[in-house]
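Enquirer: sharing a sequence plus its predicted fold:
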There are 2 protein chains.
Amino acid sequence: MSFSITILGSGSAVPTSSRNPTSQFIECNGRHFLIDCGEGTQMQIRKFGISLQKINRIFISHLHGDHYFGLVGLLSTMHMMGRTKEIDVFGPKGLKEIVDVQLHAAESRLSFLVNVIELKPGSDGILFEDNKLKITHFPLSHKIPTSGFIIQQKKRERTLMIDKAKADKVKVEYFHRLKKCEDVVDENGKTIAYLKYTSSPPKPKSYAFCSDTRYHEPIIEFIKNVDVLYHEATFTEMLLDRAKATRHSTASQAATIALKANVGELLMGHLSARYDDGVQHELEAILIFEKSRFVNDGDIINLEA
Amino acid sequence: MSFSITILGSGSAVPTSSRNPTSQFIECNGRHFLIDCGEGTQMQIRKFGISLQKINRIFISHLHGDHYFGLVGLLSTMHMMGRTKEIDVFGPKGLKEIVDVQLHAAESRLSFLVNVIELKPGSDGILFEDNKLKITHFPLSHKIPTSGFIIQQKKRERTLMIDKAKADKVKVEYFHRLKKCEDVVDENGKTIAYLKYTSSPPKPKSYAFCSDTRYHEPIIEFIKNVDVLYHEATFTEMLLDRAKATRHSTASQAATIALKANVGELLMGHLSARYDDGVQHELEAILIFEKSRFVNDGDIINLEA
């Protein structure tokens, strides 16, 4: 089992020499996703050694360019590199037209199917679910309709204590049922208790992505108790007025949401280009929520570590 | 007087770690232009220390994404950085819709006027002209309507030999007329010959941009005798079939056009991602046209040198 986040872009609307616009690559239990896809995302994917073609779902939070201008280029490169596997792209109303207009202008027909699934403004719900994980969305509060996303690992099977089972000569054919929390009665009528031969699996992990948004307490009910929260912190409190005017958050506000939502750890991103780094943001956030840090392009956050 | 080209992107459809998609920044006699604007162009502009806001005309050759996916991001950043000066963007039919759809989705109104001027497929003519230079376009032959561009310096005034004029006590008020090739009769009835006090100005320079295009001899009449020709050379002759199928050129074909058009120098670009560098392209081209080279991102070609 695995769960990691690679930060492909930690900057905001104006890219800088060290920070690309927003994008994150998520690997969770063998599934590969992209959240947001700012300009230059495909170059970052290459730079950080990620396999482009493994990505089979893309989630676009909103239609400000720093969150999606790299999307059609990414799809085009997937096509140039011979992709045949279809891809789902979730995003706000309007995304399909943006993709279609550009593909139409190029008179190009991609070698794979792109399913653009447009989300209703203000809605929440499940976007994807299988036996390994679940991805949901919920509304943030920004200038235009914007979604947050949560990726949750599914509860795993209990772990078989294989040496103990073998020592007690438990038949291999019972292993599957024991892992499913089932006591097994063998051919001699003897009960083999699953609790004796299996141990609790590690707790499933969860990750919430919140960008872009103003300070907005209604999101707390959605992100409560997640292990890792990414929350934008474009500004520090010095520029609270600017944050309010642009419907962005300060580091203190991000930390307050983290505290109130009782999350395990806070990652901050979406740094305004006016700051050289996120040091001041960290100092500010830590006063409110200790496990806070500002991410950089190329950071890998391993939730299984 | 000045004339230089900065290569912002020398790669083709699939960007690599060392080559961005096509874009060139042109400085000519104090005017600043961009030709093409592939994804990541604004980051390259920053990387190479170019002043974004000086650019006031952008020319888009065609609507394959590797030639324009960076455009709306560039305009957005100009807006974020407080631009008020309007900008002209020349490109094929369809470009205006692409720009409008994305600005509309962001519900953003730029702080400056963007005039998108759409060119008729297959047309040629003057796009811009003032007392310093002239920019024209002409049709290339690619999969979709594509324009080449030519930037020509205007003929300059003759250069005043100021020491000689002063030594002979020629009045300053006559200087302007002498530079305009006018003989002046002074108050004593003496003729002051402009040829005696002025020298010929340097020959005006010209630059032609041809990307993307298959081998297409009709372009020769437009680019004949330019000082510097940029012609795409996506492939080498080994992949001539691939060049034909994709309506691109090989290095030999680019060199043949350079030779037949009697240009001063050939710059090749738009390298397919399958090549590590343009060395083989250069070897191939030089056999046909000696003054050939493959450009790299960051190269500055000074036509006044």
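Expert: Perfect, I can see it now.
Enquirer: pull the distance from the helix or strand hosting residue A:75 to the chain's centre.
Expert: Using DSSP states H and E, residue A:75 sits in helix A:71-80. The chain centroid and the centroid of helix A:71-80 are separated by 21 Å, computed with Cα atoms, centre = their mean, to the nearest Å.
Enquirer: buried set for it?
Expert: Within helix A:71-80, the residues that count as buried by 16 or more other Cβ atoms under 10 Å in any protein chain shown are A:71, A:72, A:73, A:74, A:75, A:76, A:77, A:78, A:79, A:80. Quick note: C-beta positions are derived from backbone N, CA and C, even for glycine.
Enquirer: cool, and stretch A:272-289?
Expert: Buried-residue list, stretch A:272-289, by 16+ other Cβ under 10 Å: A:272, A:273, A:275, A:278, A:280, A:281, A:282, A:284, A:285, A:288, A:289.
Enquirer: and the closest residue to the last one other than its chain neighbours, helix, strand or coil?
Expert: With Cβ to Cβ, 6 or more residues apart in numbering or on different chains as the measure, residue A:255 is the residue that lies nearest to residue A:289, at 4.0 Å, once sequence neighbours are left out. Secondary structure state of residue A:255, per DSSP: H, G, I helix; E, B strand; the rest coil, is helix.
Enquirer: got a list of what residue A:255 touches?
Expert: Residue A:255 makes contact with A:266, A:284, A:285, A:286, A:287, A:288, A:289, A:292, according to Cβ atoms under 8 Å, 6 or more residues apart in numbering or on different chains.
Enquirer: and the helix holding residue A:75, what other elements does it pack with?
Expert: Applying 3 or more Cβ pairs under 8 Å, 6 or more residues apart in numbering or on different chains; DSSP states H and E, one finds that helix A:71-80 contacts strand A:31-37, helix A:41-47, strand A:87-92, helix A:95-105.
Enquirer: make it 7 Å
Expert: helix A:41-47 (3 or more Cβ pairs under 7 Å, 6 or more residues apart in numbering or on different chains; DSSP states H and E).
Enquirer: name the surrounding residues that touch the helix or strand following the helix it packs on.
Expert: Next helix or strand after helix A:41-47 toward the C-terminus (DSSP H and E): strand A:57-59. Defining contact as Cβ atoms under 7 Å, 6 or more residues apart in numbering or on different chains, one finds that strand A:57-59 is touched by A:33, A:34, A:35, A:37, A:87, A:88, A:89, A:90, A:128, A:149.
Enquirer: okay, whatever helix or strand the last one lives in in CSV with CA atoms only?
Expert: Residue A:149 is part of strand A:147-153, with elements assigned from DSSP H and E. Presented in CSV, the C-alpha positions along strand A:147-153 are these (Å, rounded to 0.1, in the frame of the first residue of the first chain):
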residue,chain,number,x,y,z
SER,A,147,-13.8,22.5,-5.8
GLY,A,148,-11.7,20.9,-3.1
PHE,A,149,-10.8,17.2,-3.4
ILE,A,150,-10.3,14.5,-0.8
ILE,A,151,-8.5,11.2,-1.5
GLN,A,152,-9.2,8.5,1.0
GLN,A,153,-7.6,5.1,1.1
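Enquirer: strand partners (parallel or antiparallel) of that strand?
Expert: As defined by DSSP bridges, the strand partners of strand A:147-153 come to strand A:133-139 (antiparallel), strand A:206-210 (antiparallel).
Enquirer: which of those strands is buried the deepest?
Expert: Counting by mean count of other Cβ atoms under 10 Å in any protein chain shown, strand A:206-210 has the highest mean neighbour count of the strands paired with strand A:147-153, with a mean of 27.
Enquirer: hang on, residue A:19 in a strand?
Expert: No. Secondary structure of residue A:19 (three-state DSSP): coil, not part of a strand.
Enquirer: got a list of what residue A:117 touches?
Expert: A:88, A:89, A:90.
Enquirer: residue A:282 contacts residue A:290, correct?
Expert: No. Applying Cβ atoms under 7 Å as the test, residue A:282 and residue A:290 come out as separate, 10.7 Å apart.
Enquirer: spell out which residues of the stretch 151-300 of chain A are next to chain B.
Expert: By Cβ under 7 Å from any Cβ of the partner chain, no residue of the stretch 151-300 of chain A approaches chain B.
Enquirer: helices along the stretch 151-300 of chain A, start to end?
Expert: In the stretch 151-300 of chain A, the segments counted as helices under DSSP state H, counting those that start in this stretch are A:162-167, A:175-179, A:194-197, A:220-223, A:240-246, A:251-260, A:279-286.
Enquirer: okay, buried residues for the fifth one please.
Expert: With burial defined by 16+ other Cβ under 10 Å, the residues of helix A:240-246 counted as buried are A:243, A:246.
Enquirer: please save the CA atoms from that helix in PDB.
Expert: The C-alpha trace of helix A:240-246 is given here as PDB (Å, rounded to 0.1, in the frame of the first residue of the first chain):
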ATOM      1  CA  LEU A 240      -5.000  40.200   5.000                       C
ATOM      2  CA  ASP A 241      -6.900  42.900   3.100                       C
ATOM      3  CA  ARG A 242      -5.400  41.700  -0.200                       C
ATOM      4  CA  ALA A 243      -6.300  38.100   0.700                       C
ATOM      5  CA  LYS A 244      -9.900  39.200   1.300                       C
ATOM      6  CA  ALA A 245     -10.100  41.200  -1.900                       C
ATOM      7  CA  THR A 246      -8.800  38.300  -4.000                       C
END
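Enquirer: returning to what we had before: okay if I get the contacts of strand A:57-59 as TSV plus neighbour count and pLDDT?
Expert: Converted to TSV, the contacts of strand A:57-59 look like this (neighbours: other Cβ atoms under 10 Å in any protein chain shown; pLDDT from 0 to 100):
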residue	neighbour count	pLDDT
A:33	23	97
A:34	26	98
A:35	27	98
A:37	32	98
A:87	20	98
A:88	16	98
A:89	22	98
A:90	23	98
A:128	18	96
A:149	26	98
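Enquirer: closest to chain B among those residues?
Expert: Chain B lies nearest to residue A:37 out of the contacts of strand A:57-59, by Cβ to the nearest Cβ, at 10.9 Å.
Enquirer: quick one: contacts for whatever residue of the stretch 201-305 of chain A ends up closest to chain B?
Expert: Residue nearest to chain B within the stretch 201-305 of chain A: residue A:273 (8.1 Å; Cβ to the nearest Cβ). Contact partners of residue A:273, counting by Cβ under 7 Å, 6+ apart, are A:11, A:12, A:14, A:16.
Enquirer: span of stretch A:289-299 from start to end?
Expert: This stretch, stretch A:289-299, spans 21 Å end to end (Cα to Cα, to the nearest Å).
Enquirer: which residues touch it?
Expert: With contact meaning Cβ under 7 Å, 6+ apart, stretch A:289-299 is reached by A:7-10, A:18-20, A:44, A:48, A:255, A:258-259, A:264-269, A:278, A:281-282, A:285-286.
Enquirer: at 8 Å what do you get?
Expert: A:6-11, A:18-20, A:44, A:47-48, A:230, A:233, A:251, A:254-256, A:258-259, A:264-269, A:271, A:277-279, A:281-282, A:285-286, A:301.
Enquirer: and those, which are buried?
Expert: Buried members of the contacts of stretch A:289-299, scored by 16+ other Cβ under 10 Å, are A:6-11, A:19-20, A:44, A:230, A:233, A:251, A:254-256, A:258-259, A:265-269, A:271, A:278, A:281-282, A:285, A:301.
Enquirer: many thanks, have a good one.
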